[in-house]
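# Please work out how this folds:
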Amino acid sequence: MAIHFSEEDFKKLKEEQAEIYQKRNDKASKEEIENLDRKGKIRYFFDYHFKKLVVIAVVVVLLVVWFAQNLVRKPADVLFVVIRHDVIDEERLEDFKEEIEDYLKINKKIEQVTVELCSSDRQLQTYIFGKVADVVIMDEENFERWGNADYFFTAEEDKEVSFYQDYEEKYRYRTYHLTLDDAVDQKETGKLTPKDSKKYNCALYLTDSEKYKALSVGIKNPVAAISKVTKHAKNAEKFVRYMMDNNV
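Numbering: from 1, shown residues only. Next up, the predicted model:
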């Protein structure tokens, strides 16, 4: 008598055969691997497992880098001081930065002060236009054209630096507000005759600042000015006052 299998029976039979074959195949593979010599086992490892381990290692490294960049919080600048045309020892500059941080009583875990030597006028311009620089320090002679360009607060116009008026006149650096037309006229005539003849107090001299003397290798008649695009006007004021006060 013929035995008839339903479609479901055939399916189960195939699955059971496949499972039996797989078990036999796995068993045979394990036995083959165990019977390999040392070189054969090494070759097998590189052929079947090494690439997987490399991929896993790369993924782990990428995850570590991502977590380091995104979860480790970098302290935010609460004051950025740019010094131009001076040469200062790097270690002394770092000590000075820490002195300012202590004076401002900041939370050093999440806040920091940056004091940076600026190597070129283009870099300084980038710091100003990029709204990075809060305070700029440089010698009187080189500062003149920057002051003329109206990049810095003035005591006569801006309440942020009205405190400049607390100091004697000898410490108050003044300059013109020069326009493009003034510059063109000067180039043509060779004489500076600004339409606005008033001079504005846009910086303070650090000539008697003991703190800057201790820091600087030596620039002639240094001045400090607060940028009009500063994001930290209060800390900038505290810094300038600190530099001007030899009793602190």
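# C-alpha only now, for contacts and for neighbours.
Fine.
# Please name the nearest non-neighbouring residue to M244.
S209 (5.6 Å; C-alpha to C-alpha, 6 or more residues apart in numbering).
# okay, now that neighbour: neighbour count?
When neighbours are counted by other C-alpha atoms under 10 Å, S209 registers 15.
# Check E116 too.
The local packing count at E116 equals 18, with neighbours defined by other C-alpha under 10 Å.
# what do you get for T207?
Counted with other C-alpha under 10 Å, residues neighbouring T207 total 17.
# could we number from 484 for the rest of this?
With 484 as the first residue, the last one maps to T690.
# in this protein, which spans are strands?
Assignment of strands within the chain using DSSP state E yields the ranges 559-567, 594-601, 618-622, 655-658, 683-688, 705-709.
# Given the third one, what are its sheet partners and their directions?
In the sheet containing strand 618-622, the strands it pairs with under DSSP bridges are strand 559-567 (parallel), strand 705-709 (antiparallel).
# Provide the contact partners of it at residue level.
The set of residues external to strand 618-622 that reach it, using C-alpha atoms under 8 Å, 6 or more residues apart in numbering, is 563-569, 702-710, 713, 719.
# And the last one, by the same measure?
With C-alpha under 8 Å, 6+ apart as the contact definition, strand 705-709 has outside contacts at 617-623, 626, 635-636, 644, 656, 685-690, 716, 719-720, 723.
# taking the mean pLDDT, what do you get for it?
Across strand 705-709, pLDDT averages out at 97.
# Just give me the neighbour total for N729.
Going by other C-alpha under 10 Å, the residues that sit close to N729 add up to 11.
# quick one: it and K694 touch, right?
Yes. N729 sits in contact with K694 when judged by C-alpha atoms under 8 Å, with a separation of 7.3 Å.
# Tell me who's in contact with Y656.
With contact set as C-alpha under 8 Å, 6+ apart, Y656 has these partners: 684-688, 706.
# how about Y634, what does it touch?
By C-alpha under 8 Å, 6+ apart, the contact list for Y634 reads 611, 710-711.
# a markdown table for those, including distance to K588?
Listed next are the contacts of Y634 as a markdown table, based on distance: C-alpha to C-alpha, whole Å:
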| residue | distance to K588 |
| --- | --- |
| I611 | 26 |
| S710 | 22 |
| K711 | 24 |
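# Give me the neighbour count for L600.
A count of neighbours around L600, defined by other C-alpha under 10 Å, yields 17.
# cool, and Q648?
14.
# Model confidence score at it, please.
Q648 carries a pLDDT score of 96 in this model.
# same deal with K497?
If you check K497, the pLDDT there is 54.
# Kindly report the same for E491.
63.
# The strands of the chain: which one's closest to L607?
Shortest distance between L607 and those, using C-alpha to C-alpha, is found for strand 594-601: 6.3 Å.
# what about this structure, any weak spots by pLDDT?
With pLDDT under 70 as the threshold, the chain has low-confidence stretches at 484-538, 546-556, 666, 669, 671, 673-675.
# quick one, helices of it?
Under the criterion DSSP state H, helices of the chain are mapped to 490-518, 521-528, 534-554, 573-587, 604-612, 623-631, 663-672, 693-698, 716-727.
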